[in-house]
Each structure stands twice: as structure tokens, then as C-alpha cells.
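In: requesting a structural model of the entry that follows:
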Amino acid sequence: MDIIAHIYNDYTEKFGVPRQSGLNPALLSRIVMEPAYRAPEAFRGIEAYSHLWLIWEFSQVPADAPFSPTVRPPRLGGNTRVGVFATRSPFRPNRLGLSCVELVRVEETADGPVLVVAGADLMNGTPVYDIKPYLPYADAVPDARVNEALSRKRLAVEIPESLAAQLPADKLPALTEMLALDPRPAYQDDPQRVYGVRFGAHNIKFRVEGGLLRVTAVET
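Out: Next comes the predicted model:
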């Protein structure tokens, strides 16, 4: 398969990336096409759709990683093994990801049409293999059954004004949403531990106690 595009955003490391698409709609990403796929005709009619499917590669997983029929999802505490095909783990036979994103706009640039999307769960620089329209009548199953054990309550987020002032104002909503989703593995719950997550050019340090996440430092 050919890589047709790469996505660019403020998720510069795996830690902190939402575990599913659509959870952080405040985070905008840019999909920049490879030269062979920049023909404007290829995007004719795309703005008629509000959402798109992205087929992409878990590029940070080693290509020679051995296949394992079971994995240990962090949301289940990191100790419970389930079948790989019953999860969305990145450790898959073909390392393919599937995400639904909102199409915000199409920008005409010197690099051809660029898709600006919201709600992506892809790291900065992730290769994209295909883009397809999302069709609610075919793709949505409102009464579908899911594993409720994988859900987690949102955290309240506290960012002191002195630290918030060190961050671009237009980035604060996306950062706050990322932290509210709780990037920690489910098996880590130490109120004294200081965690660090990279967001754009900044390293955000924080602690979590109960249902409150407090940002303690912003480093560059």
C-alpha cells in the first residue's frame, strides 16, 4: 500500500493521545497529502460530508514485532489479557488503525488541498493510507453492544493562571480536554506521582488526586 498523506498536530508522543477518535474535538489536525495525491479533483465533493474515516498506520510499533494473539489493554488495568481482535490495540498483525474525524475545512495551499480535521487520535507525523466519507445510515449502530469496562470517568482539570499564561490561548481547550480524558494507564493511581505529557512544544507536568488533575508545571 502507498502512503497518501501524513497528519500533523500537537500530539508529539503516544502518552496523552486519546484512546479513541472523537474524544477531543478541540484538537485540530492537518492532513497533508503526498505529491502524487494532491490533485484537487481527488477532493471534489468532500465538503458535502461532515466526517471522514481515516485508515492509517501505527508507525511507532516496530514492523518486526512478533504477533501475539492476546494483549493487555491499559483500560483493563494492564493485567487482564483479551484477544487482540477484541481490542483496538496498536499491536496488530498489520498495524492498521481506523479513526472517524470531523472535517472542519479544506484549505488550498502550495502543497495542494489540506484537510483540517477535529477529533483525531493519531500522533503527529502518522502516515495515512486512505480517506473515506463517513455515512451515518451505514456506519452508525446506535444500539451496538460494547465492553463497559473500557470506559473511564472524566477528570476535572485545574491549570493555575500563571501556568496557563505560558501556553498559547488557542491551545488551552484542546490541552484541557486531553488531560480530562486521563492519559494515565488504569493501573496507575498514585496521588504523589508527577506525570509528564508532551503537547506541542511543551511538557505538561501534573498530579491526579481523586477526580481532580492539577497541572504543576509547564516546561519547554
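
In: any weak-confidence spans in this structure?
Out: Within the chain, the stretches with pLDDT under 70 are 75-78, 149-152.

In: is it fair to say Met178 lies in a helix?
Out: Yes: counting by DSSP: H, G, I helix; E, B strand; the rest coil, Met178 falls inside a helix.

In: quick check: it touching Pro25?
Out: No: using Cβ atoms under 8 Å, Met178 is not in contact with Pro25, being 11.4 Å away. C-betas here are computed from N, CA, C, even on glycine.

In: neighbour count: the two, which is higher?
Out: Neighbour comparison, Met178 and Pro25: the larger count goes to Met178, with 23 against 16 (by other Cβ atoms under 10 Å).

In: beta partners for the residue nearest to Glu219 when sequence neighbours are not counted?
Out: Counting by Cβ to Cβ, 6 or more residues apart in numbering, Glu219 lies nearest to Asn203, which is 4.2 Å off, once chain neighbours are set aside. Beta-bridge partners recorded for Asn203 (DSSP bridges): Arg198, Glu219.

In: surely Asn203 meets Val194?
Out: No: the criterion here is Cβ under 8 Å, and Asn203 misses it with Val194 at 11.2 Å.

In: and the gap between Leu135 and Ala48?
Out: For Leu135, the distance to Ala48 (Cβ to Cβ, to the nearest Å) stands at 11 Å.

In: if we go by neighbour counts, what in the host helix or strand of Leu172 is buried?
Out: For Leu172, the host element (DSSP states H and E) is helix 172-180. Neighbour-count burial for helix 172-180 flags 174-180 (criterion: 16 or more other Cβ atoms under 10 Å).
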